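Colleague: This is the structure alone, sequence omitted:
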């Protein structure tokens with residue numbers, strides 16, 4: 001079963017590589033980007049698309065790391081609060097048991 005998964009992953013990777021190669025070969029025309037008064041040098045369309053893809057991946061990764069850090073901080077805060085509540089509950093139970101025995 002494991003070898004089937006490996007073969008499928010390899011097939012998908014080869015298909016993706018082939019599609020990427022075809023995309024690059026089909027989009028060799030030069031183009032220039034313009035934003036307000038800024039102009040880029042003439043670059044292949046495939047390079048600009050790849051650059052946009054990489055930039056999007058880096059932004060997504062950065063947001064993911066930021067959100068994961070926030071969640072870990074909130075989890076730590078919740079665990080601390082839970083520990084305090086458990087200690088208070090144990091103290092109250094001990095106090096109730098000692099007042100019941102007196």
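Modeller: Now that the structure is in, tell me what you want to look at. Just so you know, these numbers come straight off a predicted model, no measurement behind them.
Colleague: What's the separation between residue 23 and residue 89?
Modeller: Residue 23 is 62 Å from residue 89, where distance means C-beta to C-beta, to the nearest Å. Every residue, glycine included, has its C-beta placed from N, CA and C.
Colleague: quick one: which of the two has more around it?
Modeller: The residue with more neighbours, out of residue 23 and residue 89, is residue 23; 13 against 10, by other C-beta atoms under 10 Å.
Colleague: For the lengthiest helix in the chain, enumerate the helices and strands it packs against.
Modeller: Determined from DSSP state H, the single longest helix within the chain is helix 45-101. Here helix 45-101 touches helix 2-26, strand 30-31, going by 3 or more C-beta pairs under 8 Å, 6 or more residues apart in numbering; DSSP states H and E.
Colleague: Out of the ones you listed, which gets nearest to residue 98?
Modeller: helix 2-26 (60.4 Å; C-beta to C-beta).
Colleague: Show me what counts as buried in that closest one.
Modeller: Residues of helix 2-26 include none that count as buried (16 or more other C-beta atoms under 10 Å).
Colleague: For that helix, give the mean pLDDT please.
Modeller: In this model, helix 2-26 has an average pLDDT of 88.
Colleague: the inter-axis angle of that helix versus helix 45-101?
Modeller: Relative orientation of helix 2-26 versus helix 45-101 (axes from the mean of the first three to the mean of the last three C-alpha atoms, to 10 degrees): 140 degrees.
Colleague: quick check, distance from helix 2-26 to the centre of its chain.
Modeller: Helix 2-26 has its C-alpha centroid displaced from the chain centroid by 23 Å (C-alpha atoms, centre = their mean, to the nearest Å).
Colleague: Stretch 50-57 now?
Modeller: 14 Å.
Colleague: Could you tell me what pLDDT the model assigned to the residue nearest to residue 24 when sequence neighbours are not counted?
Modeller: Take residue 24 and drop its neighbours on the chain: the residue closest to it by C-beta to C-beta, 6 or more residues apart in numbering is residue 46, 4.4 Å away. At residue 46, the model reports a pLDDT of 86.
Colleague: can you check residue 31 too?
Modeller: So residue 31 comes in at 83 (pLDDT).
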